[in-house]
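[1] Here's my sequence, what's the structure:
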Amino acid sequence: MIRNAVFLVIVFFLGCNSSKQINSSPQLLFSIEKGPCFGACPEYKLEVFNNGDAHLTGIRNVAQVGEFKTHIPDSLLSEMKKSIGAMDIASLDTNYVNKYLTDFPAIDLYFDLKSRRKHIHIFHEQPPKEIDDLLRRIEGFENAINWKNTN
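    Take a look at the predicted model:
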């Protein structure tokens, strides 16, 4: 009987540890995908997670072509979170498209909000100011990060 009780206690604690590991996986802070154009537009995908891990896939017309990763310093990560938190992302539209553009890179932004993922598709030369400001900040962050090649 005591062995059974000890066994159940061990199983219980092991179950708690495994659920903590599942729940502690990093959550996406934001992701940006810049698509191609007929010219020399940068084409890449950047994912930044709330724990500071970041992944960059440079496709073409970027300084880093290939697969890269890094860990963002806490000071820069908190600045990113502050910039994103200052926006009311949930209230933004999901599409900003100028149907008259023929050659412009599409930009897809993804944010994990508390209950769902927000996807914003931009195919417009003048998106709303708050999105344009965020894109400029993200580009500044990208340039301040030291990337490590994973190829």
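
[2] for Ala90, helix, strand, or coil?
    helix (DSSP: H, G, I helix; E, B strand; the rest coil).

[3] and what of Leu134?
    Reduced to three states by three-state DSSP, Leu134 is helix.

[4] Could you do Ser75 as well?
    Under three-state DSSP, Ser75 comes out as helix.

[5] which ones are touching it?
    By Cβ atoms under 8 Å, 6 or more residues apart in numbering, the contact list for Ser75 is empty. Just so you know, the C-beta spots here come from the backbone N, C-alpha and C atoms, and that holds for glycine as well.

[6] how far away is it from Ala86?
    17 Å (Cβ to Cβ, to the nearest Å).

[7] And stretch 70-84, how far out from the chain middle?
    12 Å (Cα atoms, centre = their mean, to the nearest Å).

[8] Give me the buried positions along it.
    70, 72, 76-77, 79-80, 83-84 (16 or more other Cβ atoms under 10 Å).

[9] ditto for stretch 55-74
    55-58, 61-62, 68, 70, 72.

[10] One more: stretch 135-151?
    Quick answer for stretch 135-151 (16+ other Cβ under 10 Å): 135, 138, 141-142, 145, 147.
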